[in-house]
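K.L.:
All I have is the shape, not the residue letters:
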């Protein structure tokens, strides 16, 4: 019985260490600086999230979002958002992810 409890504690310690080691990597989209170290981007550099762009589009147009997706045009990221208006008309807007401006 003592052996099993000891093995479980060892296994938990290994799993906890592995989880910590996996969590220390560079997040997707964070580029390294000149020395190869991760460069954490500021909020201004990240721009707006897809969720924030959806909320802005709904407020601005008084419509309900039915589809939203992220698209890349070269090194530029844009959000294509399809909305359903109160009159039943479906239309699409494009929002620049870096600035939040509607294109």
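P.N.:
Sure, I can see it. Predicted model only: the values in this text are computed from it and were never measured.

K.L.:
quick one: which helix or strand includes residue 51?
P.N.:
When elements are assigned from DSSP states H and E, residue 51 belongs to helix 50-61.

K.L.:
The protein: helices as residue ranges?
P.N.:
If you assign secondary structure with DSSP state H, the helices in the chain sit at 2-22, 43-46, 50-61.

K.L.:
Considering the ones you listed, which stretch scores lowest in mean pLDDT?
P.N.:
Looking at these, the lowest mean pLDDT belongs to helix 43-46 (a mean of 53).

K.L.:
how many neighbours does residue 57 have?
P.N.:
Burial of residue 57 is recorded as 22 neighbouring residues (other C-beta atoms under 10 Å). In short, each C-beta sits where N, CA and C put it, glycine included.

K.L.:
which ones are touching residue 102?
P.N.:
Going by C-beta atoms under 8 Å, 6 or more residues apart in numbering, residue 102 touches 57, 60, 93, 94, 95, 96.

K.L.:
just residue 56 next, same as before
P.N.:
By C-beta under 8 Å, 6+ apart, the residues touching residue 56 are 48, 95, 100.

K.L.:
Give me the subset of those residues lying in strands.
P.N.:
Filtering the contacts of residue 56 for membership in strands, criterion DSSP state E, returns residue 95.

K.L.:
Show me what counts as buried in stretch 57-72.
P.N.:
Neighbour-count burial for stretch 57-72, counted by 16 or more other C-beta atoms under 10 Å, picks out 57, 61, 63, 65, 68.

K.L.:
Tabulate those in CSV, adding columns for distance to residue 89.
P.N.:
Below are the buried residues of stretch 57-72 laid out as CSV (distance: C-beta to C-beta, whole Å):
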residue, distance to residue 89
57, 15
61, 11
63, 9
65, 14
68, 17
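
K.L.:
Between those, which sits nearest residue 86?
P.N.:
Nearest to residue 86 out of the buried residues of stretch 57-72 is residue 63 (C-beta to C-beta; 6.9 Å).

K.L.:
I'd like the distance between that closest one and residue 56.
P.N.:
Remark: distance between residue 63 and residue 56 (C-beta to C-beta, to the nearest Å) = 12 Å.
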